[in-house]
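Chemist: My questions concern the predicted model and sequence given below.
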Amino acid sequence: MRVAVMIAYRELVSRGISTRVAADLVGIPRATATRKRRIPVVGPAPIPANKIGDSDRRQILDVVNSKPFVDLPPIQIYAQLLDAGTYLCSISTMYRVLNENKQVKDRRIIYVGGYTPSVLTRPTLVNIQRLDSARLHSQQIPTDS
């Protein structure tokens, strides 16, 4: 139905009727009627000229997972590297590389400790007794008198 409305609108405009009147006649807002149609882009997106290569990504991972930086978030790694006079990459690129390797969470547990995420479990409470409120009230609390 939307296509038929737009065809009717274009037909009215091509016959010399103003866009305001044509939009009112077919029952659509003029902003919608006069909006440029989006032409879909066919094919893969172009590769940026400044895309980081695999060797650079490996270097970023090696530095970020090294002992001095394994406990730090990318913004602190970036700041410490800049203080040392080294520009490795931007903060967002560090996050992007870490995200591609599923390391945005806690890298120290996965890489330094030698654990895998499947081994780690959440602590659970065992042997919890339900307290009976009547029993609590019946107990005498010693007072210092």
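Modeler: Everything's here; your move.

Chemist: contacts and neighbour counts: CA atoms only from here.
Modeler: Will do.

Chemist: pLDDT value on residue 38, please?
Modeler: Turning to residue 38, the model gives it a pLDDT of 76.

Chemist: what's the answer for the one 10 residues further on, then?
Modeler: Residue-level confidence at residue 48 comes out at 87, pLDDT.

Chemist: Please, which helix or strand holds it?
Modeler: For residue 48, there is no enclosing helix or strand under DSSP states H and E.

Chemist: what about it, distance to residue 10?
Modeler: Distance, residue 48 to residue 10, using CA to CA, to the nearest Å: 39 Å.

Chemist: Please report how far residue 79 lies from residue 42.
Modeler: 41 Å.

Chemist: whoops, residue 81 was the one
Modeler: For residue 81, the distance to residue 42 - CA to CA - is 41 Å.

Chemist: Looking at the two, which is more packed in?
Modeler: The residue with more neighbours, out of residue 81 and residue 42, is residue 81; 16 against 6, by other CA atoms under 10 Å.

Chemist: Check whether that one really touches residue 88, as I assumed.
Modeler: Yes. With contact defined as CA atoms under 8 Å, residue 81 counts as touching residue 88 (7.5 Å).

Chemist: Pull the number of nearby residues for residue 65.
Modeler: 20.

Chemist: Residue 48 and residue 10 - which one has more neighbours?
Modeler: Each of residue 48 and residue 10 has its neighbours counted (other CA under 10 Å); residue 10 has more, 17 against 7.

Chemist: contacting residues around residue 45?
Modeler: For residue 45, no contacting residues are found, by CA atoms under 8 Å, 6 or more residues apart in numbering.

Chemist: Quickly find the element holding it.
Modeler: With DSSP H and E as criterion, residue 45 is part of no helix or strand.

Chemist: Let me know the pLDDT of it.
Modeler: On the pLDDT scale, residue 45 gets 84.

Chemist: could you point out the longest helix in this structure?
Modeler: helix 2-14 (DSSP state H).

Chemist: buried sites along the helix or strand following that one?
Modeler: The element immediately downstream of helix 2-14 (helix or strand, assigned by DSSP H and E) is helix 19-26. For helix 19-26, the neighbour count (16 or more other CA atoms under 10 Å) marks 19, 22, 23, 26 as buried.

Chemist: Fine, thanks again, bye for now.
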